[in-house]
Every structure is written in C-alpha cells, then in structure tokens.
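# below are the sequence and a predicted model for it; my questions follow.
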Amino acid sequence: MTVSRTLILGGSRGLGKALKALIPDALAVSRTSTESIDLSKETASNSVLTLVSEYEPSRILYVAGGGPHGPYFQKGIKSHKWAYAVNYFTPIQILNDLIEKSYEGEFIYIGSAIAERSTSDKSLSYSASKTAAKSVILSYDSKLLKTKVFSPAYMDTDLLPKGSWPRMECSELVIEPSKVAEVLLNWLNDQNGNNDSRHFDWIDRFDYNLPNHKDL
Ligand SMILES: NC(=O)c1ccc[n+]([C@@H]2O[C@H](COP(=O)([O-])OP(=O)(O)OC[C@H]3O[C@@H](n4cnc5c(N)ncnc54)[C@H](OP(=O)(O)O)[C@@H]3O)[C@@H](O)[C@H]2O)c1
C-alpha cells in the first residue's frame, strides 16, 4: 500500500458525495454508483474485500446508513433487518474480513451523535444498530486494525426527513454535508496529535445546542 487511496462505501449522495467532492480520486461505491454494491446484502463484505484487494485503499470510509422512522411495530421487520444489516452486520463483517487479510490501512465508520443519544422509540433499530456498531468498532485492538468512528449531528441530506423538527424548528442545527466532510478529513489528516481520540462526537466538540426536551 504505497499510494494514498480512499474507498468510500456509500458515496453517491449526502455526506459520501461531499467526501467524494473533496477527494475526487476516491473510489465511491453505492447501489447506484458505477461500482455498485448493495451493503445490505450478506454477500456485500465479499464484494468489498474483492474491491479492497484490487484497489488497495489506505483508507476506507463506511458512510452508508439509515433505517425506518416511525412507530416500531408499524414498520415492517424487513425495514428493521435492513437497518441492522447496513449499519451493523455489514461493517462488522468487513472489519473481521479485513483483519483476516491483515489490512494495514484505516477503517472509519460514520456513526451518529444523535442516534448515540437517542431516547426516541421512533428510530429504535437505527439507533440500536448505529450505537452497537460504534461500541464494537472502538473496542477493536488498534494494533490489529486502525479503526475510528466519526459521529456527526444532523445533516442536510436525504436521510433527514423533510418535515422533521430540526428542519422545521432549529435549522441552525442542520449542518451542510460539505462542512461535515471538511471537518472529518481535517480530523483524520491532523498530524499535530489532536486526533488521538478514536471517536469524534460532533455534539461534544462544538457548541451544538441540542434541545433536551426533543424526541431525538
Ligand atoms: N443526515 C443526518 O442527519 C445524519 C446524522 C447523523 C449521522 N448520519 C450518518 O451519516 C451517514 C451518511 O448519511 P447521509 O445523511 O449522507 O445519508 P444519505 O443522504 O441517505 O446517503 C446515504 C448514502 O449511502 C448509500 N447507501 C445507502 N444504502 C446503501 C446500501 N444498501 N448499499 C450501498 N450504499 C448504500 C446511498 O447510495 P445509494 O442510494 O446510491 O445506494 C448514499 O450514497 C450515515 O451513516 C448516517 O447514519 C446522518
């Protein structure tokens, strides 16, 4: 791995697209990208590992994520399974496979500072899978694999529903994905020892005034 290369898993829209704009030679993967992988499928990790051996990225950004929003039992089990697959099972499987292959690069998972604090019963599968992935990923021995978690707050992307309260009532809390991408890359590339923490939590780092009465 002599050349610095980035693989973006989930790079066609939202934060992934903003990252790709800042790293034009990165390889972006999604269901709709030219390099197409559906990260909700059980075979996704095999496809990603094949790509890793061909492309030899020094940095892998796992950006894809999502899940159903609304009363839990009104949402089909299929949508909850999808959330667990994309947010948890696929990235964890990829990590295990990378360790087996003695991958020497970095693996960065995009968490969610909101999901990690969520008390809402309307996003249970999303919050549980994001939070579990964060804990497991940060528990890896960094001698085995260099893992980090970057957890943004609300972003102005397709993932945040049109009528959601942050958009309607606190639009200053909804950050442009281009800004988030810039902060993420600065954090990763910081050579001055300010990035020794393996977890970046947007709400803790910035003056982000999240109303505590809100259903997150
Ligand atoms: N938006 C927020 O307010 C917010 C807040 C905190 C954390 N986050 C986290 O930030 C990350 C990026 O979110 P975003 O807001 O940028 O989301 P987004 O706008 O919905 O974009 C998601 C990206 O992931 C890809 N993707 C989704 N499902 C996929 C699948 N099954 N297989 C392959 N690619 C898939 C999408 O591409 P295709 O549809 O082309 O496949 C797209 O490029 C997520 O992990 C999310 O949990 C978001």
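Structure's in. What do you need?

# what about the strands in the protein?
6-9, 27-30, 35-36, 59-62, 106-110, 146-151, 199-201 (DSSP state E).

# how about the residues of this structure by the ligand?
10-16, 30-32, 37-40, 63-66, 86, 110, 112, 114, 152, 154-155, 157-160, 177 (CB under 6 Å from any ligand atom). The C-beta positions use only the backbone N, C-alpha and C, and glycine is treated the same way.

# which among those residues count as buried?
10-16, 30, 37-40, 63-66, 86, 110, 112, 114, 152, 154-155, 157, 159, 177 (16 or more other CB atoms under 10 Å).

# next, the angle from the helix ranked longest in the chain to strand 106-110.
Taking DSSP state H as the assignment, the helix of the chain that covers the most residues is helix 124-139. Here helix 124-139 runs at an angle of 150 degrees relative to strand 106-110 (axes from the mean of the first three to the mean of the last three CA atoms, to 10 degrees).

# other SSEs contacting helix 124-139?
Contacting helix 124-139 under the criterion 3 or more CB pairs under 8 Å, 6 or more residues apart in numbering; DSSP states H and E are the following elements: helix 77-84, helix 90-100, strand 106-110, strand 146-151.

# ok, and what's touching the last one?
Pointing back at strand 146-151 there. 95, 105-113, 116, 134, 137-138, 140, 184, 187-188, 198-202 (CB atoms under 8 Å, 6 or more residues apart in numbering).

# only the buried subset of these, as a ChimeraX command please.
ChimeraX command restricting the contacts of strand 146-151 to the buried ones, with burial defined by 16+ other CB under 10 Å:
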select :95,105,106,107,108,109,110,111,112,113,116,134,137,138,140,184,187,188,199,200,201,202
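
# what sits against Leu185?
Taking CB under 8 Å, 6+ apart, one finds Leu19, Leu22, Ile23 in contact with Leu185.

# so where's this protein uncertain?
For the chain, the stretches flagged by pLDDT under 70 are 1-3, 191-196, 213-214.

# count of neighbours near the closest residue in space to Tyr126 that isn't next to it in sequence?
In this structure, Tyr126 finds its nearest non-sequential neighbour in Gly67, 3.2 Å apart by CB to CB, 6 or more residues apart in numbering. For Gly67, the neighbour count with other CB atoms under 10 Å is 22.

# ok, now which ones touch Gly67?
Contacts of Gly67 by CB under 8 Å, 6+ apart are Ser79, His80, Trp82, Ala83, Val86, Asn87, Ser123, Ser125, Tyr126, Ser129.

# check the gap between it and Ile137 for me.
18 Å (CB to CB, to the nearest Å).
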